[in-house]
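Colleague: Pasted the sequence and its predicted model underneath.
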Amino acid sequence: MANVQQLELSNFIKKVHENLRNDSKKIGTDKAWEEHCLKHEMLVQYAAAMHELASKHWESNYAKENATAFSRINWICNYCNFYFHGGEILRQGIREQEIGIKLNLVVEIEITKYEKIKLLDVGSCYNPFKAFPHFDVTAIDIAPATEDVFLCDFLNVDIASDPAIISSGNVTCLQESSFNAVVFSLFLEYLPSPQQRLMCCQKAYDLLTLEGLLIIVTPDSKHVGANAKIMKSWRFNLARLGFSRIKYEKFSHIHCMAFRKSLKSNIASRWADLQDSALFYHKMYIPQDFNTENNEENIN
């Protein structure tokens, strides 16, 4: 059970999200996001609240015996290890070769040794992945809570073929095809519109190397079937971008997903083409988009 301080922190975070969504309905998503990013005092308070909530309350809850909650950080770390160092990347490549034969595509696999996994942590807050030696982390956030997180608005950052541009701790440009993994942990639901969420997923695709991973963690305290259509629709929309969902787990308060940037984009989109598109939302919705009362999902 959450203590009083934990509830106060989570309620503040929920209120920030709710206000941003309400502003988006009044003045439009782009303008609302622009104004949100200029609210320096509020963002500093938000960063501090999220840092304390994640590092002190959530992690201590995960460590308790018989805890039902599961550490999102450990899940991401473990799956990246399994994929890049445990042979899963090769198995997925062989699987794509087999699909390629059906599509009359030549799919070539290159064996790459990943000594360090180049990881972009979007909405990082306090750079939790710095503790893991097998990651080479670039951590970014609109409101960094620690000095090792770069200031960056991922929604509006430029992507170019040239190396990343970092000045005075501020990232204004990232290099395409330069990361092995991009992490959206409790990030997409922050964005007020489905279009912005899909735009960020497209940016992740552009930043990833072939066979790279987009890892998404999103909160949901309901049972696994409650928001099943939304999660399936994420898979559908990301498949059309060129991502194959290769791992999915639902825990008590979160969904954890790994999407692979396929060697050929039409291998991933083939899955979407084989589905009945009427069964899916064609936008990156979250449960709050359907909630007229604007009640925030449980992130306690």
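Modeller: The structure has been received and is ready for your questions.

Colleague: Residue 256 belongs to a strand, doesn't it?
Modeller: Yes. Applying DSSP: H, G, I helix; E, B strand; the rest coil, one finds residue 256 inside a strand.

Colleague: which residues touch stretch 222-239?
Modeller: By Cβ atoms under 8 Å, 6 or more residues apart in numbering, the residues outside stretch 222-239 that reach it are 198, 201, 214, 216, 220, 245, 248, 250, 255, 257, 259, 268-269, 271-272, 275, 277, 279-287. Any C-beta I mention is one placed from the backbone N, CA and C, and that applies to glycine too.

Colleague: Give me the subset of these lying in strands.
Modeller: If you go by DSSP state E, the contacts of stretch 222-239 have 214, 216, 245, 248, 250, 255, 257, 259 in strands.

Colleague: okay, and for this structure, where does confidence drop off?
Modeller: 1-2, 59-70, 292-300 (pLDDT under 70).

Colleague: Can you tell me how far residue 130 is from residue 40?
Modeller: 25 Å (Cβ to Cβ, to the nearest Å).

Colleague: now swap in residue 247 and tell me
Modeller: Taking Cβ to Cβ, one finds residue 247 at 37 Å from residue 40.

Colleague: After the helix ranked longest in the chain, heading C-terminal, what element do we hit next?
Modeller: Ranked by number of residues, the top helix in the chain under DSSP state H is helix 4-27. Next helix or strand after helix 4-27 toward the C-terminus (DSSP states H and E): helix 29-37.

Colleague: Pull that next one out as PDB, backbone CA atoms only.
Modeller: Provided in PDB are the C-alpha atoms of helix 29-37 (Å, rounded to 0.1, in the frame of the first residue of the first chain):
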ATOM      1  CA  THR A  29      -1.700  19.800 -28.800                       C
ATOM      2  CA  ASP A  30       1.300  21.600 -30.400                       C
ATOM      3  CA  LYS A  31       0.600  24.900 -28.600                       C
ATOM      4  CA  ALA A  32      -0.100  23.100 -25.300                       C
ATOM      5  CA  TRP A  33       3.200  21.200 -25.500                       C
ATOM      6  CA  GLU A  34       5.100  24.300 -26.400                       C
ATOM      7  CA  GLU A  35       3.700  26.200 -23.400                       C
ATOM      8  CA  HIS A  36       4.200  23.100 -21.100                       C
ATOM      9  CA  CYS A  37       7.900  23.000 -22.000                       C
END
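
Colleague: hmm, back to that, run through the neighbouring helices and strands of the longest helix of the chain.
Modeller: helix 29-37, helix 40-52 (3 or more Cβ pairs under 8 Å, 6 or more residues apart in numbering; DSSP states H and E).

Colleague: can you tell me which of those comes nearest to residue 77?
Modeller: Evaluated over the helices and strands packed on helix 4-27, closeness to residue 77 peaks at helix 40-52, with 18.9 Å, by Cβ to Cβ.

Colleague: Distance from the chain centre to that closest one, please.
Modeller: 20 Å (Cα atoms, centre = their mean, to the nearest Å).

Colleague: helices or strands up against that helix?
Modeller: By 3+ Cβ pairs under 8 Å, 6+ apart, helix 40-52 packs against helix 4-27.

Colleague: Direction-wise, compare the helix it packs on with helix 29-37 and give the angle.
Modeller: Going by axes from the mean of the first three to the mean of the last three Cα atoms, to 10 degrees, helix 4-27 is angled at 140 degrees with respect to helix 29-37.

Colleague: re the thing from before, of residue 247 and residue 40, which one has the most company?
Modeller: Each of residue 247 and residue 40 has its neighbours counted (other Cβ atoms under 10 Å); residue 247 has more, 16 against 9.

Colleague: Could you give the bridge partners of the residue lying closest to the more buried one once chain neighbours are set aside?
Modeller: Spatial nearest neighbour of residue 247, excluding adjacent residues (Cβ to Cβ, 6 or more residues apart in numbering): residue 258 at 3.9 Å. Beta-bridge pairing for residue 258 (DSSP bridges): residue 215, residue 247.

Colleague: residues in contact with residue 258?
Modeller: So residue 258 contacts 79, 83, 213-215, 245-248 (Cβ under 8 Å, 6+ apart).

Colleague: mind running it again at 10 Å?
Modeller: Listed by Cβ atoms under 10 Å, 6 or more residues apart in numbering, the contact set of residue 258 reads 75-76, 79-80, 82-83, 88, 181, 213-216, 243-249.

Colleague: One more: residue 100?
Modeller: Counted by Cβ under 10 Å, 6+ apart, residue 100 has contacts 106-108, 262-264, 266-267, 270.

Colleague: Could you tell me which of those count as buried?
Modeller: When those are checked for burial by 16 or more other Cβ atoms under 10 Å, the buried set is 107, 262-264, 267, 270.

Colleague: Out of the residues you listed, which comes closest to residue 168?
Modeller: Among the buried ones among the contacts of residue 100, residue 262 lies closest to residue 168 (Cβ to Cβ), at 37.3 Å.
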